[in-house]
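In: need the 3D shape of this:
(chains A and B)
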There are 2 protein chains.
Amino acid sequence: MTDQKQEKTLHQTNIKLLLDALKEENMQKFRDEFLELHPYDQASFFQDLDEESRTLIYHYLSPEEMAGLFENLEIEEEEYQEVLAEMNPAYAADMLSNMYADDAVDVLNELDKDQVASYLTIMDDKAADEIKELLHYEEYTAGSIMTTEFIAISANQTVRSAMHILRNEAPRAETIYYVYVIDEQKTLVGVISLRDLIISSDDTMLSEIMQDRVVSISVAEDQEEAARKMRDYNLLALPVVDFQGHLLGIITVDDIIDVMEEEASDDYSKLAGISDLDSIDRSPLSAAKKRLPWLIILLFLGTFTASLIGRFEDTLDKVAILAVFIPLIAGMAGNTGTQALAVAVRGIATGDLEKESKLKLVLREAGTGIITGSTCGILSALVVYIWQGDIYLGILVGMSILSSLFVATMAGTLVPLLMHRLKIDPAVASGPFITTINDIISILIYFGMATLFMSYLS
Amino acid sequence: MTDQKQEKTLHQTNIKLLLDALKEENMQKFRDEFLELHPYDQASFFQDLDEESRTLIYHYLSPEEMAGLFENLEIEEEEYQEVLAEMNPAYAADMLSNMYADDAVDVLNELDKDQVASYLTIMDDKAADEIKELLHYEEYTAGSIMTTEFIAISANQTVRSAMHILRNEAPRAETIYYVYVIDEQKTLVGVISLRDLIISSDDTMLSEIMQDRVVSISVAEDQEEAARKMRDYNLLALPVVDFQGHLLGIITVDDIIDVMEEEASDDYSKLAGISDLDSIDRSPLSAAKKRLPWLIILLFLGTFTASLIGRFEDTLDKVAILAVFIPLIAGMAGNTGTQALAVAVRGIATGDLEKESKLKLVLREAGTGIITGSTCGILSALVVYIWQGDIYLGILVGMSILSSLFVATMAGTLVPLLMHRLKIDPAVASGPFITTINDIISILIYFGMATLFMSYLS
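Out: Sure, this is the predicted structure:
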């Protein structure tokens, strides 16, 4: 039996036992089994229950116990409001104050302002202050994903006293694997890993073992930049500072993994032309709602393309064979454009583009467009000539593909660069969007050339 | 001055100083500055140098020092061979044996088999054995990204003795933040975090504080599954076991971050129709080489589409206006198909689909296709009627869009599911591929209906 199967079976038995305990309203049996589970599994179990069973659980678990479960909940934004409304407000506030401050803020961000205010009022003051501090930061910044529960100490002490502080703060801190060193003004001056503390002798001064070149991030920077730094420098936590270098908080690696997952999903869904990737358990109606905005925009852009072709109806009337190659040319332009777009968008997203000059990318893509365009142009000219036995038609299709591929590659590169310059997320220039633009361009090129070639076409 | 700018300036000064030291062939000056840098920055500096400067560095740094740099190198696969060839073989072997075993394996995987054998022969035996053990595992499995440098101890001892072992092994282990507990047969029976060790009193027995429900992964499982478990359970390291539960190695969170980055990039580039996302510093020729295979396949698929339309040349000859709506209908079908594809591919990739039944997804998508199809169908029928004043043309276009959108949604869902069933990576069914299939389907539907409607069309 593989490990995987063991776990699944274990899981099934757990679920059955827990459901039985809930049905029997046997609190002790439920707690015995439930508190053994990892908070992630607790959350998975919880989110599949009905309201009645959930209400039982609020009575069976303390707010502290519920906090761990809640940190691991993966439900839709609007469902947080629902679930919190089921709880007694004092219980909910108590639970929120027991969560890590950054996770509590994530939940509160889904609520209305007056609901947030009311929870903060009945919460204990210390937790409320921590949360208020974090609520300020704009979404997608380093500040919005940091936590204030870190360990910071001054440099003029020994490893022994640092370990003492660490033991005391361990239950509250989100990570104890890095200790940050600050001066009297709370400026970040160094970092010591727990690994270094453990292998140093007790009487060593911290100033001797601390690393004073600290990789940190400014509070207003993009969360993707934080992810990049943690990935490049293999960090488990990244300190967040203000413009004067004061230590404000830390970002832990588990939050960065969520950010990476989110951003990847986001870029991917935009390339596919969905505003937001619908999870597969949505209803058809809600899935359709997510997809229709794009489809309707594209319908109108497509109608515009159609009206462009309509202006060449006379040409089409005379040479009906021209229509045959419309999807080929438009399709090829769309595909090249999407390829170029993907390279540019990922280059911007991963920060690689910052290191290179943008001009270099544009020139590179121009070269790429000429090579792919010539290759596909010559190939298609040959195919059309062999198939239709008409050399002029072959040349027309080949030249249209050559020019369309070149222009489409440039559009796929320049549009995201321009959007980045204008501070718009370049991923918004999604695949379908650039495809439609390139449809229009390529059809103009094709029929423009066809009109010129008119007298040669049979 | 923001943190960001400070760092950049610091970096620039460093680079200048280091380049000067290399030019002056001043080893001491170089070492003083270079060894202060984070290995990631050392690697960034190193990979921009020419061969002459790199050769100097091999003389300035010990194999141990070079190992840290090499672990952080981000160069093309073929370049590893080049760089290693520049080194004295004994130096290279020594460096490889000083790298973390999993990173050394990554490098060796880029070399020819006889080169690998020769490095392993001159390497010290212990390192060679560790590396040989890891070289077995297939790419993309948990085994291929694990390291054997972990800390494992038996349960029947105190926290004090565990801390003693930990201090001794800290310099070699890749992480010391988890200590794994094994029995006499090396079966994994528990895990203790360093956090728990630190807050427990010295005389506590490990069996009292260890967590005996250990989340682990089987060695042959997919690396994506490892990423999923570490993300869900917020782990810094994940133990890897064989089918009998023996502890073989661990996967650390930094490797998982690389896996996630890789897989996201991979899914994204396939959706865009690029076999492998080219980095932006490639030459136009090498970029074109990466893109042309797809473009040429699509060119031939497109020619097939064209030949399909060609069979309706008579219809087109009679009613030229039909050609006007080809890109609209094909484009809409392509877009919906890509949307459905993205949802299915991500559902499979993130493992969400395993939890739901596949039939449920198919039914959901059928519903979604009917809703989006009817909405866009009715809308386009109205637009065409108003624009062209021809009710039959409106109905023809509307009905074609309705049916195409439904069929395209189903194709976008069924193709990746089928590929997953056949154990083919569903991401291969990229956007352009599904788009071209849907082009063909939608054109058949459109002209099929047009032929039926023929007598009503003016």
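In: roughly how far does the closest residue to residue A:312 other than its chain neighbours sit from residue B:439?
Out: Computed as CB to CB, 6 or more residues apart in numbering or on different chains, the closest residue to residue A:312 that is not its neighbour in sequence is residue A:447, at 4.3 Å. To be clear about C-beta, it is placed using only N, CA and C from the backbone, and glycine gets the same treatment. According to CB to CB, to the nearest Å, residue A:447 stands 19 Å off from residue B:439.
In: quick one: contacts for the residue in the stretch 301-450 of chain A positioned nearest to chain B?
Out: Among all residues of the stretch 301-450 of chain A, residue A:367 sits closest to chain B, at 2.8 Å; criterion: CB to the nearest CB. Contacts here follow CB atoms under 8 Å, 6 or more residues apart in numbering or on different chains; on that basis residue A:367 touches B:283, B:284, B:285, B:287, B:288.
In: could these go into TSV alongside neighbour count, secondary structure and pLDDT?
Out: Shown next, in TSV, are the contacts of residue A:367 (neighbours: other CB atoms under 10 Å in any protein chain shown; DSSP: H, G, I helix; E, B strand; the rest coil; pLDDT from 0 to 100):
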residue	neighbour count	secondary structure	pLDDT
B:283	12	coil	78
B:284	17	helix	80
B:285	10	helix	81
B:287	26	helix	78
B:288	22	helix	81
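In: check those against chain A, which are close?
Out: B:283, B:284, B:285, B:287, B:288 (CB under 8 Å from any CB of the partner chain).
In: of the contacts of residue A:367, which is the nearest to residue B:187?
Out: Within the contacts of residue A:367, distances to residue B:187 taken as CB to CB reach their minimum at residue B:287, with 50.4 Å.
In: coming back round to it: quick one: which of residue A:447 and residue B:439 has more around it?
Out: Between residue A:447 and residue B:439, counted using other CB atoms under 10 Å in any protein chain shown, residue B:439 has the larger neighbour count: 30 against 20.
In: with adjacent residues omitted, what lies nearest to the more buried one?
Out: By the measure of CB to CB, 6+ apart, the closest residue to residue B:439 outside its immediate chain neighbours is residue B:330, 4.4 Å from it.
In: which strand or helix spans the one you found?
Out: When elements are assigned from DSSP states H and E, residue B:330 belongs to helix B:326-349.
In: ok, residue A:180 next?
Out: Residue A:180 belongs to strand A:178-182 when elements are defined using DSSP H and E.
In: can you name every helix or strand that the helix or strand that that strand is followed by contacts?
Out: The element immediately downstream of strand A:178-182 (helix or strand, assigned by DSSP H and E) is strand A:188-193. In this structure, strand A:188-193 packs against strand A:178-182, helix A:206-209, strand A:237-241, with contacts taken as 3 or more CB pairs under 8 Å, 6 or more residues apart in numbering or on different chains; DSSP states H and E.
In: quick one: contacts for the residue nearest the centre of chain A?
Out: Closest residue to the average C-alpha location of chain A: residue A:263 at 1.7 Å, with CA atoms, centre = their mean. Residue A:263 makes contact with A:223, A:224, A:227, A:349, according to CB under 8 Å, 6+ apart.
In: my guess is the last one meets residue A:267, correct?
Out: Yes. In this structure, residue A:349 sits in contact with residue A:267. The criterion is CB atoms under 8 Å, and the distance is 6.1 Å.
In: what's stretch A:150-165 in contact with?
Out: With CB under 8 Å, 6+ apart as the test, stretch A:150-165 has contacts from A:166, A:169, A:173-176, A:178-184, A:186, A:189-190, A:192, A:197, A:200-207, A:209-210, A:237, A:239, A:247, A:249-250, B:198.
In: which among those residues end up buried?
Out: Members of these that pass the buried threshold by neighbour count (16 or more other CB atoms under 10 Å in any protein chain shown) are listed as A:166, A:169, A:173-176, A:178-182, A:189-190, A:192, A:197, A:200, A:204, A:206, A:209-210, A:237, A:239, A:247, A:249-250, B:198.
In: okay, and the helix or strand of chain A with the least pLDDT?
Out: Taking mean pLDDT, DSSP states H and E as the measure, chain A has helix A:352-355 as its least confident helix or strand, at a mean of 66.
In: quick one on the thing from earlier: how about TSV for the ones next to chain A among the contacts of residue A:367, with distance to residue B:324 added?
Out: Written out in TSV, the entries for the ones next to chain A among the contacts of residue A:367 read as follows (distance: CB to CB, whole Å):
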residue	distance to residue B:324
B:283	41
B:284	36
B:285	39
B:287	35
B:288	33
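In: near chain B, which residues of the stretch 101-250 of chain A show up?
Out: Residues of the stretch 101-250 of chain A lying close to chain B by CB under 8 Å from any CB are A:163, A:166-167, A:170-171, A:176-177, A:194-195, A:198-199, A:213, A:215-218, A:221, A:230-234, A:236, A:241, A:243, A:245.
In: which of the residues you listed fall within helices?
Out: When helices are assigned by DSSP state H, the members of those inside them are A:163, A:166, A:167, A:194, A:195, A:198, A:199, A:230, A:231, A:232.
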